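In: prediction below, plus the sequence it came from.
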Amino acid sequence: MTTSSISVDQSPRLRIGFIGTGIMGRSMAGHLLAAGHELHVYNRTRQKAEPLVAEGGRWHDAPAGVAAASAVVITMLGMPTDVEEVYCGGGAVPAGQGILDRAVPGTLLIDMTTSSPTLAARIAATAAARGLDAIDAPVSGGDVGARNAALVIMAGGTEAAFERARPLFARLGKSATLLGPAGAGQRCKLANQIAVAVGMVAWCESLAHARAGGLDPALVQQVLSAGAAGSWALTNLAPRAIAGDFAAGFFVRHLVKDIRLAREAAEETGIELPGLATAERLYDAVMDGGWGDEGTQALLRLYTEMSG
């Protein structure tokens, strides 16, 4: 395992492709552009990439064009199906037009999506057979971490690929850790998401309990945040939820995807995760309520409805 509490160095100017310029990807790509790298971009909805193009990024009409023009390709997508299509072709990406089809030998591929460990390993194996380096490097920190270049980066791949990626990680995050071979970064991120999902249930239940007992949830949140029950989510997301602010820093639908990936990975290893099962049931109810495009703090809305 290699851990780096990374500091920015003077890395050479690179041709970097960035595919996926949504809530987090837009900020991440912007940091690389601001560092002086040549940026090539693609996003399914071009409008979301326009601010980067206006700042000097070069637009491409397909992932294959980005891959052919870049020495490093970074992806920050939504779902594992998106990752498979963008890398391998198929679905929304015509066959033969995926990243793996057009990347020049020697290109470094970095997938920062939260995805499947099995898929990450398969992409890495295909990449290696074509003379490419591939690393899975999902992140924690949400939209705030992306904007502030303070992400926690969890990587899986070879030591050599990690070292190639490290100067770029320094522009995007506050730490990066190589946890093992391809897929290890994804497995660590799923462990992170288990803690996130179960932790969200914990603070929502505590505030629902406080409200039902006639206490001011905002005051209770301040007290709990200062003690042993404190957490990042209780400090940062609970006040938003209490104030009725459910804007997404991280979508409910994306957490639901991560919960399912974690459950599937747990089933493969034969471990039972009852806390995760409870979180999955509750977040499925949030989705059924029509709140999939809200932030994960929308779980508190469900508890409010359940309590009448």
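Out: It's in.
In: now do the contacts for Asp258.
Out: For Asp258, the contact set (CB atoms under 8 Å, 6 or more residues apart in numbering) comprises Thr114, Lys189, Leu190, Gln193, Val196, Ala197. Using the backbone N, CA and C atoms, a C-beta is placed for each residue, glycine as well.
In: please disregard the earlier target; I meant Gly25.
Out: With contact set as CB under 8 Å, 6+ apart, Gly25 has these partners: Phe18, Asn43, Met76, Ala146.
In: most surrounded residue in those residues?
Out: Most neighbours among the contacts of Gly25, by other CB atoms under 10 Å: Phe18, with 30 neighbours.
In: helices - which of the contacts of Asp258 land there?
Out: Mapping those onto helices (DSSP state H) picks out Lys189, Leu190, Gln193, Val196, Ala197.
In: tell me the secondary structure for the nearest residue to Thr113 once chain neighbours are set aside?
Out: Excluding its sequence neighbours, the residue lying closest to Thr113 (CB to CB, 6 or more residues apart in numbering) is Leu77, at 4.4 Å. Assigned with DSSP: H, G, I helix; E, B strand; the rest coil, Leu77 falls in the coil class.
In: pretty sure Leu77 contacts Thr21?
Out: No: counting by CB atoms under 8 Å, Leu77 stays clear of Thr21, with 10.3 Å between them.
In: what about the two, which has more around it?
Out: Higher neighbour count among Leu77 and Thr21: Thr21, with 27 against 23, using other CB under 10 Å.
In: ok, now how distant is that one from Val66?
Out: When CB to CB, to the nearest Å is the yardstick, Thr21 and Val66 sit 11 Å from each other.
In: what touches both of those two?
Out: Residues touching both Thr21 and Val66 by CB under 8 Å, 6+ apart: Val41.
In: for the helix or strand containing Trp203, the averaged confidence score.
Out: Element membership for Trp203 (DSSP states H and E) is helix 184-212. Averaged over helix 184-212, pLDDT sits at 97.
In: how far away from the center of its chain is that helix?
Out: 16 Å (CA atoms, centre = their mean, to the nearest Å).
In: following that helix, which helix or strand shows up next?
Out: helix 217-225.
In: go through that next one and flag the buried ones.
Out: Neighbour-count burial for helix 217-225 flags Pro217, Val220, Gln221, Leu224, Ser225 (criterion: 16 or more other CB atoms under 10 Å).
In: just stretch 41-59 next, same as before
Out: For stretch 41-59, by 16+ other CB under 10 Å, it's Val41, Tyr42, Asn43, Arg44, Lys48, Ala49, Glu50, Leu52, Gly57, Arg58, Trp59.
In: could you list which of the contacts of Gly25 belong to helices?
Out: Going by DSSP H, the helices hold Ala146 from the contacts of Gly25.
In: any chance of a markdown table for the contacts of Gly25, columns distance to Gly30 and pLDDT?
Out: Output for the contacts of Gly25, formatted as a markdown table (distance: CB to CB, whole Å; pLDDT from 0 to 100):
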| residue | distance to Gly30 | pLDDT |
| --- | --- | --- |
| Phe18 | 9 | 98 |
| Asn43 | 13 | 95 |
| Met76 | 12 | 97 |
| Ala146 | 9 | 95 |
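In: what's the farthest-apart pair in the contacts of Gly25?
Out: For those, the maximum inter-member distance is 15.0 Å, found between Asn43 and Ala146 (CB to CB).
In: any weak-confidence spans in the stretch 1-150 of the chain?
Out: Scanning the stretch 1-150 of the chain for pLDDT under 70 picks out 1-11.
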